[in-house]
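Colleague: Here is my input, please return the structure:
(chains A and B)
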Amino acid sequence: ELKVEQNPLFLSMQEGKNYTIYCNYSTTSDRLYWYRQDPGKSLESLFVLLSNGAVKQEGRLMASLDTKARLSTLHITAAVHDLSATYFCAAGINTDKLIFGTGTRLQVFP
Amino acid sequence: EAQVTQNPRYLITVTGKKLTVTCSQNMNHEYMSWYRQDPGLGLRQIYYSMNVEVTDKGDVPEGYKVSRKEKRNFPLILESPSPNQTSLYFCASRRDNTDTQYFGPGTRLTVL
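Modeller: Have a look, this model is predicted:
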C-alpha cells in the first residue's frame, strides 16, 4: 500500500532564507506531484516529476525526485511572503490514483 | 474561461438526507476525480473516472456514489450522509495522457 509522508508539517521561516520540504513515499511510484494551496482556496499544480533525477524549477521553488530513495524535495530559495501557503506532494500509483501527503504549512515572515 | 465548477459551494444538511454535489468542466477532459480534504489528513481520493461510463474507487469510496453520464459532469452522491462525511470536497479534471490536474473551488459540507 502506497503511503506518502511529508515533513515538516509546519514551517515558519524568515524572508530571504532557504529551506527544504521533504516527501517520502513507501512503495514504487511512477510519478510525483507538488501542489500549492492558499488559505481558503483550491489547489494549484506546481510540478510533475516523472523520472529518477528529474528536477524542475519555477521562480524560487525547485522540485527534485530520487526514485531509488523514494524521496522528493521542494526547495525554497530566498523565501518571500508570497510563498506562504500549504504545499502538498502526491505520489501516483498510476496516472489515475493519487495518494497525497498531509501537507506542509509554510509561513514566511519579514 | 477554462474551469472546473462545483455546486453548491457550502452546504449544511442533516444525517440521512440524500444530497448531490455537482462538478462540471468545460475543457473536454476525459479524467475527473473527487477528493475530500480533512485537517491533518491531506487529500484523499474518493472516486475517479477515466471517461464516460467508466468509474473506479479511490482510497475512501465508502458512503459515496458517482456517475459519469456525460463527459463534462461528474456528480458526487451521498445517499445517506453521516457526520463523518463533514469535509471539504474537491473535484478535479485533466486531459487523458497528461498529468496536470485542474481543481474546482471546493464544496464545504457539514452533516449534522
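Colleague: Which stretches in the chain count as strands?
Modeller: Chain wasn't specified; assuming chain A. Listed in chain order, the strands of chain A (DSSP state E) span A:4-7, A:10-14, A:19-25, A:31-37, A:43-49, A:55-58, A:61-66, A:71-76, A:85-92, A:98-100, A:104-109.
Colleague: nope, chain B please
Modeller: B:4-7, B:10-13, B:19-25, B:31-38, B:42-51, B:54-57, B:65-66, B:76-78, B:87-94, B:102-103, B:107-111.
Colleague: need the residues of chain A near chain B, please.
Modeller: A:4, A:31, A:33, A:41-45, A:48, A:50, A:88, A:90, A:95-103 (Cβ under 8 Å from any Cβ of the partner chain). Using the backbone N, CA and C atoms, a C-beta is placed for each residue, glycine as well.
Colleague: which of those count as buried?
Modeller: Neighbour-count burial (16 or more other Cβ atoms under 10 Å in any protein chain shown) is assigned, among these, to A:4, A:31, A:33, A:42-43, A:45, A:48, A:88, A:90, A:97-103.
Colleague: So which residues on chain B come close to chain A?
Modeller: So chain B meets chain A at B:31, B:33, B:35, B:40-45, B:48, B:50, B:56, B:58-59, B:90, B:92, B:97, B:99-106 (Cβ under 8 Å from any Cβ).
Colleague: Restricted to buried residues, select the residues you listed in PyMOL.
Modeller: Buried members of those, defined by 16+ other Cβ under 10 Å, are picked up in PyMOL with:
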select buried, chain B and resi 31+33+35+42+43+44+45+48+50+58+59+90+92+101+102+103+104+106
